[in-house]
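Colleague: Compute the structure for the input listed below.
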Amino acid sequence: MRLSRCEHPSNPGFVAGLPNPIVLIVDDDEHFRDLARQMLEPCGFQVIEADGVEQSLSRLRTHQVDAIVLDIVMPVRDGIEALQDFKALTSKTKIVTVSGARKSEVYLAASAYLGADASLAKSKIGSLSALLNLLLDR
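Modeller: Model prediction:
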């Protein structure tokens, strides 16, 4: 049987007594949100979803989150604009920007300049749990 990173017995995310980090997934793509949830929950993360910036701001008013996974390219209000609002609202929350758009490297580079703690191409979603563990010092 092959173990994933989060199932490995040496994974510090499974030490008894540690709280499960809460992650807010902000993406207009329901399939991406579902995939992120399927990858994070078995690794000990609690997942909250939002389909856009306005809904995510509402979620942040009612939930304290440890990390936000933020899509950069969304309709109505994009992640670049929202990134600055999130940083002002939740300065201690880690923010990972993601993009699957053409030229996503440009968007992700801009997000790093604007304060994202990390960025990830959507094609590398398999690394999300490990990246969050690193950012959250788990």
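Colleague: lowest-pLDDT helix or strand in the protein?
Modeller: helix 104-113 (a mean of 77; mean pLDDT, DSSP states H and E).
Colleague: tell me the pLDDT at residue 119?
Modeller: For residue 119, the pLDDT comes out at 91.
Colleague: Quickly list what it is bridged to.
Modeller: Note on residue 119: beta-bridge partners by DSSP bridges are residue 97.
Colleague: Look up how far residue 108 lies from it.
Modeller: Note on residue 119: its distance to residue 108, by Cβ to Cβ, to the nearest Å, is 4 Å. Placement of C-beta: from N, CA and C, glycine included.
Colleague: tally of neighbours for the closest residue to residue 111 other than its chain neighbours?
Modeller: Spatial nearest neighbour of residue 111, chain neighbours left out: residue 97 (3.9 Å); criterion: Cβ to Cβ, 6 or more residues apart in numbering. Residues lying near residue 97 (other Cβ atoms under 10 Å) number 28.
Colleague: Am I right that residue 97 is in contact with residue 83?
Modeller: Yes. Between residue 97 and residue 83 a contact is recorded at 6.8 Å, counting by Cβ atoms under 8 Å.
Colleague: Could I get the phi/psi values of the nearest residue to residue 30 once chain neighbours are set aside?
Modeller: Spatial nearest neighbour of residue 30, chain neighbours left out: residue 51 (7.2 Å); criterion: Cβ to Cβ, 6+ apart. Dihedral pair for residue 51: phi -90, psi 0, per degrees, to the nearest 10.
Colleague: Return the residues in contact with residue 51.
Modeller: By Cβ atoms under 8 Å, 6 or more residues apart in numbering, the contact set of residue 51 is 27-28, 30, 33.
Colleague: ok, it to residue 132 distance?
Modeller: From residue 51 to residue 132 the distance is 20 Å (Cβ to Cβ).
Colleague: cool, and residue 110?
Modeller: 21 Å.
Colleague: Those two - which one has more neighbours?
Modeller: residue 132 (24 against 16).
Colleague: so that one touches residue 47, yeah?
Modeller: No. Counting by Cβ under 8 Å, residue 132 stays clear of residue 47, with 10.7 Å between them.
Colleague: Common neighbours of those two, please.
Modeller: With Cβ under 8 Å, 6+ apart, residue 132 and residue 47 have common neighbours 23, 40.
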